[in-house]
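In: structure, please.
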Amino acid sequence: MRAPSFAGVILAAGESSRMGRDKALLPWHGKTFLQAHIELLNEHSELVIVVAGKNRASLEPVVYATGAFLVTNPTPELGQFSSLQTGLREVLNHGRDAALIALVDRPPCKSETVALLRERFQTVYEQGRWAVVPEFEGKHGHPIIAGREMIEAFLKAPSTSTARDVEHAVQKYIDYFPVQDPAVVMNVDTPEDYERLQLQTSRG
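Out: Predicted structure coming up:
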């Protein structure tokens, strides 16, 4: 079987209403969440696609400075799944057949974790699985790796779906892979979440 070619997809079109400012541009270890995600996925894929919404103008400088591609979700009000579909169409448009999908509203995981996920995907894809989802302490997280079949399942679903709905419908084709990296399940929705995360990492 021919090895899949990878594109990174970063979903960054949310309005960050609970945070009060764009989560993509939150400072993180001398960078921003967005910049750190782009640099991480650049290590493990052939190109990186960032999906923006109404925040396109504010994300452009970061995206273009890091050599990534920027695409706009024309209907971000439909929610995150519409951004996922927008990004995955671009993956296929760029001639790639596997996607590393990350969410910008959380700190990026370790590079070693992504390398393990890719290695796992190469193994289980040959056994007929469509995707690999990282798990930490029983919780499912990101980034997920989706092969061509999983990409097509996401794209065929109604825009009112959620990624979880689609994953549940094809669960037998998904490999849930335990990793020792709490960042895969961390989420930052509010200023309090962000402050707590900064305290945790400064102690670590």
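In: can you give me the buried ones in the helix or strand harbouring Arg118?
Out: Assessed by DSSP states H and E, Arg118 sits inside helix 111-125. Buried residues in helix 111-125, counted by 16 or more other Cβ atoms under 10 Å: Thr113, Val114, Leu116, Leu117, Arg118, Arg120, Phe121, Val124, Tyr125. The C-beta positions use only the backbone N, C-alpha and C, and glycine is treated the same way.
In: helices or strands up against that helix?
Out: Counting contacts by 3 or more Cβ pairs under 8 Å, 6 or more residues apart in numbering; DSSP states H and E, helix 111-125 packs against helix 33-44, strand 98-103, strand 131-136, strand 144-147, strand 174-178.
In: which of the buried residues of helix 111-125 sits closest to Arg106?
Out: Of all the buried residues of helix 111-125, Arg106 sits closest to Thr113, with 12.9 Å by Cβ to Cβ.
In: all helices of the chain, in order?
Out: 33-44, 56-65, 80-93, 111-125, 148-156, 163-169, 191-203 (DSSP state H).
In: hang on, the earlier thing: and Met186, which of the helices and strands packed on helix 111-125 is closest to it?
Out: strand 131-136 (9.1 Å).
In: next, the angle strand 174-178 makes with the closest one.
Out: For strand 131-136 against strand 174-178, the angle by axes from the mean of the first three to the mean of the last three Cα atoms, to 10 degrees is 30 degrees.
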